[in-house]
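Colleague: have a look at this prediction, sequence included:
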Amino acid sequence: MRLPLTAGRSAATGDLAVGQGTTDGGKPASPAGEAAGQPAHSARPGRSWPGAGRIAAAALRRHWLISLLLLAGLVLRVLAMIAYRPALLYIDSLKYIFGAWPGNDPLGYNVILKIVLVPGNLTVVTALQHLAGLAMAVTLYAVLLRRGVPRWLAALAAAPVLLDGYEIQIEQTIMPNVWFEACIVAGLALLLWRSRPGPRLIVAGGLVLGLSAPMAQVGQILIVPALAFVLIVARGWRRKLTQGGLLCAAFLLPIVAFSAQQDAANGHFSLAPASGNTIYGRLASSADCPALHLPSYERAVCPSPALARRLGPDGLVHSPDSPDHLYVAPPGHTHAEVISDFNHRVLTQQPLRVVWGVLRDSAKLFAVGRVTSPGDTPISRWQFQTSYPTYGTSVYLSPDHTIMLGLHYATSGGPEFTQPLPASMGGRAAVDQSLARFLRSYQLNGGYTPGPLLALAAVAGLFGSLALGALAIARRRGGPDSRGAVAARLDAQYQLALACLLTFGAAVAVLLASDAFEFSWRYQLPALVTLPPAGALGIALGISFLRRRRPERPARPARPADGEPASAAEGERAAVDGPVDGPVDSR
């Protein structure tokens with residue numbers, strides 16, 4: 001059934017699809033000139049109808065909020081690029097650009113740098129990373145709209161990645177975090193683009209999510225929520241097994257490929273062969289040493305409570321005062337064997353203390369301010385500074401502001417080789433102090449996503465995920481042949497809950513897996529692209545539930561026998577809104 005549409009409705013809403021309508025052949029309805037017996041194109045010679053300008057204006061009217069947010073995000077990113085040139089460097093940047101400290105982290109980011117740095121420099125890298133940040137916001141917005149989230153709510157869910165000062169700072173830094181987040185967003189978008197993703201989308205989503213692991217090893221945990229989602233969506237056990245297998249195979253492919261490259265390079269089939277000892281910091285800081293049953297030669301590995309509080313998980317791994325650095329294994333044992341055995345004993349004897357330590361650090365994400373504990377990686381490393389940031393002998397400036405680098409080409413450190421940043425990559429550091437002061441003031445004085453807002457998003461995401469079970473039961477009770485508005489509403493709510501489960505599950509998996517090793521505000525950045533979308537989906541589901549409980553509208557007055565509306569106003573309302581009961585027949 002075709003609904004008549006009025007010009008007044010189109011002008012008021014700016015919705016071209018509604019304003020134009022369609023002809024029987026599926027072509028756009030002609031404007032007023034055609035109604036007078038003239039062809040549409042003759043109404044205004046030399047000008048197309050409706051024209052690209054009108055289409056753009058209509059899109060801006062419909063999506064004005066996300067457009068403003070994108071503009072603000074673009075401005076902030078341009079200011080960051082002007083303020084710090086050629087880019088911000090961190091200690092770990094050296095391993096990705098020059099291969100220093102081999103084996104501690106996956107090197108998927110190296111591939112991007114090698115490709116970009118052939119024709120470009122570090123400024124080009126940061127430009128691409130800022131574009132990736134904007135693209136993530138657009139992708140999240142589009143996916144949320146497809147899943148039925150209101151435009152205003154979808155735009156607010158994309159705001160954190162656009163406006164958060166810590167996100168903008170990391171995009172200006174030569175680090176893989178942005179690409180890790182981009183892989184998460186792209187993978188989730190592919191799986192959520194259709195209500196039931198087919199094999200192609202599942203394979204593509206699995207590949208992209210798998211690519212997150214070579215960017216940051218913690219990405220391996222993403223297979224858990226992704227596989228759960230695919231198994232729930234697929235119908236029938238045969239299809240569940242087939243599509244679940246496709247997802248796992250696609251997810252593993254990039255991980256196996258990068259691990260094989262490491263095996264060829266250093267004989268270790270692993271994404272990061274030297275990353276295993278990083279869990280020691282978390283376990284040692286959580287251990288109750290007097291209550292642990294340890295061999296006598298392992299006692300020196302367990303830190304005192306005062307030392308554990310001072311160093312924290314990060315310091316227990318990296319500080320020269322850590323037992324991990326000072327311990328000398330007795331004859332017949334290696335250092336790695338003793339540390340591994342100690343880790344195993346803490347995990348098996350005191351698991352609750354470890355879980356409590358992880359949860360305690362995870363709760364920092366929801367604090368009002370950006371709080372840290374002794375031993376955490378200093379938050380100043382992820383904040384804009386008024387001068388070019390340096391790090392001891394690893395990254396510092398010469399008198400003429402050339403960026404000097406201290407490189408270690410062994411996992412344990414080894415001898416230091418000092419060299420300037422090549423001129424082809426940017427060479428000298430330059431800071432616009434007025435812009436740097438503005439960015440720092442913005443970031444420290446509210447230009448970040450508040451913890452309570454993330455907590456609200458987490459609660460809404462949890463609600464939406466838990467509602468999936470109740471909605472599945474309600475849909476089954478309706479039967480496979482159920483029709484009408486009730487079934488359509490249940491299907492829409494079920495799709496919201498499914499998307500919420502995947503997004504919220506990805507957030508919980510990535511954040512908890514990161515905190516299991518150590519807490520760093522850099523590791524909390526994936527929350528910006530997972531928790532707000534999950535919260536938006538949960539809130540949209542809650543709004544749908546509330547609308548369902550509203551009292552029904554009173555019945556309309558009876559129409560005259562000839563089928564004409566009782567009044568002109570009611571006729572226009574019917575033309576716009578369509579029938580009240582049941583879905584519109586689009587045939």
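Modeller: Okay, I see it.
Colleague: going forward, measure contacts and count neighbours with C-alpha atoms only.
Modeller: OK.
Colleague: which residues touch the residue most central in space within the chain?
Modeller: For the chain, V529 is the residue whose C-alpha lies nearest the centre (C-alpha atoms, centre = their mean; 2.8 Å). Counting by C-alpha atoms under 8 Å, 6 or more residues apart in numbering, V529 touches 136, 140, 158, 160-161, 181, 185.
Colleague: one more time with 10 Å
Modeller: 133, 136-137, 140, 157-161, 181-182, 184-185, 503, 506-507 (C-alpha atoms under 10 Å, 6 or more residues apart in numbering).
Colleague: swap in A186?
Modeller: Residues in contact with A186 (C-alpha under 10 Å, 6+ apart) are 135-136, 139-140, 192, 204-205, 208-209.
Colleague: where does the chain have low pLDDT?
Modeller: Where the chain drops to pLDDT under 70, the residues are 1-50, 102-103, 273-277, 411-414, 478-483, 548-587.
Colleague: strands along that one, start to end?
Modeller: Using DSSP state E, the strands of the chain run over 84-85, 395-397, 403-410, 413-420, 430-431.
Colleague: would a markdown table of the ones you listed with mean neighbour count and distance to D92 be doable?
Modeller: Converted to a markdown table, the strands of the chain look like this (neighbours: other C-alpha atoms under 10 Å; distance: least, C-alpha to C-alpha, whole Å):
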| stretch | mean neighbour count | distance to D92 |
| --- | --- | --- |
| strand 84-85 | 22 | 18 |
| strand 395-397 | 20 | 10 |
| strand 403-410 | 20 | 10 |
| strand 413-420 | 13 | 13 |
| strand 430-431 | 18 | 21 |
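Colleague: I'd say Q261 and H268 touch.
Modeller: Yes - counting by C-alpha atoms under 10 Å, Q261 touches H268, with 9.1 Å between them.
Colleague: break this protein down into its structural domains.
Modeller: Taking automatic domain parsing as the reference, the chain has its domains at 1-35+50-62, 276-356, 450-552.
Colleague: name the stretch among the ones you listed that sits most buried.
Modeller: Among those, ranked by average contacts under mean count of other C-alpha atoms under 10 Å, first place goes to domain 450-552 (a mean of 20).
Colleague: and the closest residue to V149 other than its chain neighbours, how close does it get to D288?
Modeller: When the adjacent residues along the chain are set aside, V149 lies closest to A540, with 5.6 Å between them (C-alpha to C-alpha, 6 or more residues apart in numbering). Distance check for A540 against D288: by C-alpha to C-alpha, to the nearest Å, it reads 45 Å.
Colleague: contacting residues for Y396?
Modeller: So Y396 contacts 89, 388-390, 402-406, 420, 429 (C-alpha under 10 Å, 6+ apart).
Colleague: one more pass at 8 Å, please.
Modeller: So Y396 contacts 389-390, 403-405 (C-alpha under 8 Å, 6+ apart).
Colleague: got it, and L466?
Modeller: L466 neighbours (C-alpha under 8 Å, 6+ apart): L501.
Colleague: give me that answer again for 7 Å
Modeller: The contact partners of L466, by C-alpha atoms under 7 Å, 6 or more residues apart in numbering, come to none.
Colleague: relative to Q385, how far out is R440?
Modeller: Distance from R440 to Q385, by C-alpha to C-alpha: 6 Å.
Colleague: can you check A300 too?
Modeller: From A300 across to Q385, the span is 40 Å (C-alpha to C-alpha).
Colleague: neighbours of the closest residue to L60 other than its chain neighbours, how many?
Modeller: In this structure, L60 finds its nearest non-sequential neighbour in S67, 6.8 Å apart by C-alpha to C-alpha, 6+ apart. Neighbourhood size, S67 [other C-alpha atoms under 10 Å]: 16.
Colleague: could you find the closest non-adjacent residue to T377?
Modeller: Using C-alpha to C-alpha, 6+ apart, the closest residue to T377 is S520 (5.7 Å).
Colleague: could you pull up phi and psi at the one you found?
Modeller: Dihedral pair for S520: phi -150, psi 140, per degrees, to the nearest 10.
Colleague: that one contacts P378, doesn't it?
Modeller: No - contact between S520 and P378 fails when scored by C-alpha atoms under 7 Å: they sit 8.1 Å apart.
Colleague: re the thing from before, widest-spaced pair of the contacts of A186?
Modeller: Across the contacts of A186, the longest distance by C-alpha to C-alpha is 18.0 Å; it joins A135 and A204.
Colleague: how deep is P374 tucked in, by neighbour count?
Modeller: Neighbours around P374, by other C-alpha under 10 Å: 14.
Colleague: circling back to that earlier point, between the domains of the chain, which one is nearest to V75?
Modeller: Shortest distance between V75 and the domains of the chain, using C-alpha to C-alpha, is found for domain 1-35+50-62: 18.1 Å.
Colleague: mind listing what I379 touches?
Modeller: So I379 contacts W521 (C-alpha under 7 Å, 6+ apart).
Colleague: likewise for H335?
Modeller: Counting by C-alpha under 7 Å, 6+ apart, H335 makes contact with 328-329.
Colleague: at 10 Å instead, please
Modeller: Applying C-alpha under 10 Å, 6+ apart, the residues contacting H335 are 324-325, 327-329.
Colleague: tabulate those residues (JSON lines), appending distance to L71.
Modeller: Output for the contacts of H335, formatted as JSON lines (distance: C-alpha to C-alpha, whole Å):
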{"residue": "D324", "distance to L71": "48"}
{"residue": "H325", "distance to L71": "49"}
{"residue": "Y327", "distance to L71": "54"}
{"residue": "V328", "distance to L71": "57"}
{"residue": "A329", "distance to L71": "58"}
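Colleague: mind listing the helices for the stretch 451-587 of the chain?
Modeller: Using DSSP state H, counting those that start in this stretch, the helices found in the stretch 451-587 of the chain span residues 451-478, 485-515, 527-548, 568-577.
Colleague: same thing with the stretch 301-450 of the chain?
Modeller: 305-318, 323-326, 335-349, 351-362, 433-444.
Colleague: so which of those is nearest R77?
Modeller: Where the helices of the stretch 301-450 of the chain are weighed against each other on C-alpha to C-alpha, the nearest is helix 433-444, at 10.0 Å.
Colleague: now the closest one, how far from the chain's geometric center?
Modeller: Centroid separation between helix 433-444 and its chain, computed with C-alpha atoms, centre = their mean, to the nearest Å, is 25 Å.
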